[in-house]
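# Give the three-dimensional model of this entry:
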Amino acid sequence: MRAILAALLISLPWLAACSRDAATPDEAANAADAVRMPSVTVTGDDSGVDELNWRPPAVALVPGDAADAHRRAARALSEGRLFDGPDDAIPLYLALQRLDAGDARAKTGLGRSLDRLLDQGAQVMRHAEDRTEALRRARQIAAVARTVAPADPAVVAYLARVDEADQLTRLNVASERALREGTLGENGGGALAGFREVLKWKPGQPRAMQGLAAVESAMIRRAEEAALASDFDTTRLWLDHAAKIREDAQTVADARVRVEAIRMARIAELRDAGVRDMATPLGLKEARVKLAEVLRIAEPGNRVAADFRQRIDLATHYGLFRPGQAFTDALHHGGRGPAMVVVPHGGFSMGAGEDEKDATDAEKPAHYVRFDRGFAMARHPVTVGEFRRFVEATQYRPRATRRGHSIVYDERSGNFVRRSGVDWRSDYTGQPASDDMPVLHVSVYDAEAYAEWLTGQTGHGYRLPSEAEYEYALRAGLQGRYPWGNGQPPRGVANLTGGNDRSPSGRTWNNAFVGYGDGYWGPAPVGRFRTNAFGLKDLDGNTSEWVADCWHASYRRAPADGAAWFNPGCRSRVVRGGSWASSPAQARAAWRSSSDSDMTNARVGFRVVRGI
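This is a model prediction of the structure:
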């Protein structure tokens, strides 16, 4: 083994430069867990068993002391005190033998002490290859054993074990240093070669196995850093290196999934930016630059990249669409996506006027927003059936499912209460919902996950609407207090809180539109009420809906181009639009509410938009 280490030191200069007993941070932590051991005075360099010397502590005995020395030695042996001090077993028995070479009791006691010493050595050897303190103690025991009985077969065997552990530890320590310094060894040498050499001589050695895993993790980390820099060629090289370390390692497979998610997010980011560029003729050149970057990083056949290329080739005001056109996209695994309607480009005054009744500061100041390009919005909120297809295809677990409860309407009390066992499959009371009902009890993260799934299935960019897009589509060209204008709602306009509505037990609303009734207490199946001027349904009632924006306390500095006002990491998101249980003030076109991202209840659903 010593010859092997010497050869490796010559072939790997980074090993030769390592100090002999340097401890890694892990070793320092392990030392705290090591067996508590007293110190021993050792002369010479303690870097190897052959260089350790143990000198018995001086014990002065005269013939009259023998009986007392025997008692003290026997007591020390029974207590496991073997060699550290002059009153320990081995120094006493050695002194007794010097006093009387024929002392049979001393010879027997020394033999039992040696056996006990080797037992202690066997115990510390269990950790000698992983803990610096344990190895140091093993060396000390070896020095004592060699002094007491150098030719004893058990001592010789123990010395060999300590020597092996010493060499393997040195190799592990040097490899760990190389790892910390970033010399991974992907092209030979480095930490990887050192750990593999240890495992060559001792397969399965835990410290070296942990070292291999650490090298693999370092390579994966470099791969992900390269991916974040859009250098996917380097990413692939690092992942290929990592995959060769441990066969069939799930960590590498998981890393490939994460890297692919980074790639797709970057492609989607470039595509979305390019779509915005194409809003003006001068932006087409910038869009082509972004397309070139997408094609550089995308895998062959990427549907998002193909869609982006087609958009540029057909770049006009609406691409291949026209305002008001309805369409559905094919899903990759069969079926069609939600019914979408092309919303025309244009501008409007967003928010509430200074004198609007019931308006809050959060809805002001009113400000002009213009959409230079149309967009497609789902005709109605996502239904239970549509969301079911997503959940079954992906095995996604929405927030309420994982949490085990949501907020429902309680007919007995007339209040909203938390109820267990309620999730996206439930209606407003917590009972099973039919597939044509708007999906409820979903968080904004659940809604975004559905939109991302649609993107992957269709190759088109689905997402939640921005707050500006929602209000623009809700108003549909009108600038009144309500989506339908001013005053009372026209008959059949939406599922609202009407004075003529009755619950199953005969309850009525305390604050409702007088004289209005829509025949529903709770959400209605989607699409049962009139279509607005843009061809959309249920925006002004039925359910409130999540939008993409983070909550801001006012519209000061809000985007003027209709983009979502989003701050990464925000927890409070925006809910827009009146619902079946909203007061008249909450049915206003400018009404907006702040909600925690994880919130789920019986009043809020969502719909999606798609760039065109």
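
# from here on, contacts and neighbour counts on C-alpha atoms
Noted.

# where do the helices sit along the stretch 51-200 of the chain?
66-78, 89-99, 104-125, 132-148, 153-180, 190-201 (DSSP state H, counting those that start in this stretch).

# As CSV, those helices with mean neighbour count, mean pLDDT and distance to Gly374 would be great.
Output for those, formatted as CSV (neighbours: other C-alpha atoms under 10 Å; pLDDT from 0 to 100; distance: least, C-alpha to C-alpha, whole Å):
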stretch, mean neighbour count, mean pLDDT, distance to Gly374
helix 66-78, 17, 93, 90
helix 89-99, 24, 92, 92
helix 104-125, 18, 92, 73
helix 132-148, 24, 89, 68
helix 153-180, 21, 89, 53
helix 190-201, 22, 91, 55
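
# Can you classify the residue nearest in space to the middle of the chain by secondary structure?
For the chain, the residue nearest the mean C-alpha position is Arg258 (9.6 Å; C-alpha atoms, centre = their mean). With DSSP: H, G, I helix; E, B strand; the rest coil as the basis, the three-state label of Arg258 is helix.

# for Gly541, what are its contacts?
Gly541 makes contact with 494-496, 577-580, 587, according to C-alpha atoms under 8 Å, 6 or more residues apart in numbering.

# distance of the residue nearest to the centre of the chain from Thr328?
Distance, Arg258 to Thr328, by C-alpha to C-alpha, to the nearest Å: 30 Å.

# With Thr394 instead?
Counting by C-alpha to C-alpha, the gap from Thr394 to Thr328 is 21 Å.

# More neighbours: which of the two?
Neighbour count, other C-alpha atoms under 10 Å: between Thr394 and Thr328, Thr328 has more, with 14 against 11.

# ok, that one touching Ala376?
No. With contacts counted by C-alpha atoms under 8 Å, Thr328 stays clear of Ala376, the gap being 10.3 Å.

# Pull up the overlap in contacts between these two.
Met340.

# dump the residue contacts of the spatially closest residue to His460 that is not a sequence neighbour.
Nearest non-adjacent residue to His460, counting by C-alpha to C-alpha, 6 or more residues apart in numbering: Val304, 6.2 Å away. Residues near Val304 by C-alpha under 8 Å, 6+ apart: 267-268, 271, 459-461.

# Next: Ala305.
Contact analysis of Ala305 by C-alpha under 8 Å, 6+ apart lists 267, 271, 291, 294-295, 298.

# Which two of these have the greatest separation?
The span of the contacts of Ala305, defined through C-alpha to C-alpha, is set by Arg271 and Ala298 at 11.5 Å.

# So which of the two has more stuff around it?
Arg271 (25 against 20).

# Am I right that the more buried one falls within a helix?
Yes. Per three-state DSSP, Arg271 lies within a helix segment.

# Leaving out chain neighbours, which residue sits closest to it?
Counting by C-alpha to C-alpha, 6+ apart, the residue nearest Arg271 is Phe308, at 6.0 Å.

# Got phi/psi on that neighbour?
Per-residue torsions, Phe308: phi -60, psi -40 (degrees, to the nearest 10).

# For the helices of the stretch 51-200 of the chain, give me CSV that also has distance to Trp54.
Listed next are these as CSV, based on distance: least, C-alpha to C-alpha, whole Å:
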stretch, distance to Trp54
helix 66-78, 19
helix 89-99, 11
helix 104-125, 14
helix 132-148, 6
helix 153-180, 14
helix 190-201, 29
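
# follow-up on the earlier one: ok, of the contacts of Ala305, which one's closest to Arg336?
For the contacts of Ala305, the nearest to Arg336 is Arg271 (22.5 Å; C-alpha to C-alpha).

# one step back: among the contacts of Ala305, name the ones in helices.
267, 271, 291, 294-295 (DSSP state H).

# Can you say which of those residues are buried?
In the ones in helices among the contacts of Ala305, burial by neighbour count holds for 267, 271, 291, 294-295, counting by 16 or more other C-alpha atoms under 10 Å.

# out of those residues, who's nearest Asp231?
Val294 (12.0 Å).

# got a list of what the residue nearest to the closest one when sequence neighbours are not counted touches?
Closest residue in space to Val294, ignoring its immediate chain neighbours: Ile267 at 5.6 Å, by C-alpha to C-alpha, 6+ apart. For Ile267, the contact set (C-alpha under 8 Å, 6+ apart) comprises 294, 297-298, 304-305.

# can you give me the strands in this protein?
For the chain, strands defined by DSSP state E occupy the ranges 326-327, 340-343, 346-350, 367-371, 375-378, 405-410, 415-420, 462-463, 544-550, 572-576, 592-596, 604-605, 609-611.

# I'd like these as TSV, with mean pLDDT appended.
As requested, those are exported to TSV (pLDDT from 0 to 100):
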stretch	mean pLDDT
strand 326-327	97
strand 340-343	97
strand 346-350	96
strand 367-371	96
strand 375-378	97
strand 405-410	98
strand 415-420	98
strand 462-463	98
strand 544-550	98
strand 572-576	98
strand 592-596	98
strand 604-605	98
strand 609-611	95
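
# right, so of these, which gets closest to Val148?
Proximity to Val148 (C-alpha to C-alpha) singles out strand 405-410 among the strands of the chain, at 71.9 Å.

# And that closest one, what does it pack against?
strand 415-420 (3 or more C-alpha pairs under 8 Å, 6 or more residues apart in numbering; DSSP states H and E).

# Run the angle between the strand it packs on and strand 405-410 for me.
Counting by axes from the mean of the first three to the mean of the last three C-alpha atoms, to 10 degrees, strand 415-420 lies at 140 degrees to strand 405-410.

# who does strand 415-420 pair up with?
strand 405-410 (antiparallel) (DSSP bridges).

# how far is the partner strand from where the chain is centred?
With C-alpha atoms, centre = their mean, to the nearest Å as the basis, strand 405-410 stands 30 Å off its chain's centre.

# and Arg2, what pLDDT?
We note a pLDDT of 44 for Arg2 in this prediction.

# Same check on Val304?
92.

# what separates it from Ala476, distance-wise?
For Val304, the distance to Ala476 - C-alpha to C-alpha - is 30 Å.

# Over to Ala400?
Relative to Ala476, and taking C-alpha to C-alpha, Ala400 is found at 33 Å.

# more neighbours, these two?
A direct count of neighbours by other C-alpha under 10 Å for Ala400 and Ala476 places Ala400 higher, at 24 against 19.

# and Pro281, how many neighbours?
Pro281: 11 neighbours (other C-alpha under 10 Å).

# Throw the contacts of Ile267 into a markdown table and include distance to Arg131, thanks.
Putting these into a markdown table (distance: C-alpha to C-alpha, whole Å) gives the following:
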| residue | distance to Arg131 |
| --- | --- |
| Val294 | 50 |
| Ile297 | 46 |
| Ala298 | 47 |
| Val304 | 52 |
| Ala305 | 53 |
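
# what's the closest of those residues to Gln167?
Ile297 (46.5 Å).

# For Ala223, see how far away the residue lying closest to the closest one once chain neighbours are set aside is.
Counting by C-alpha to C-alpha, 6+ apart, Ile297 lies nearest to Phe232, which is 6.5 Å off, once chain neighbours are set aside. Distance, Phe232 to Ala223, using C-alpha to C-alpha: 8 Å.
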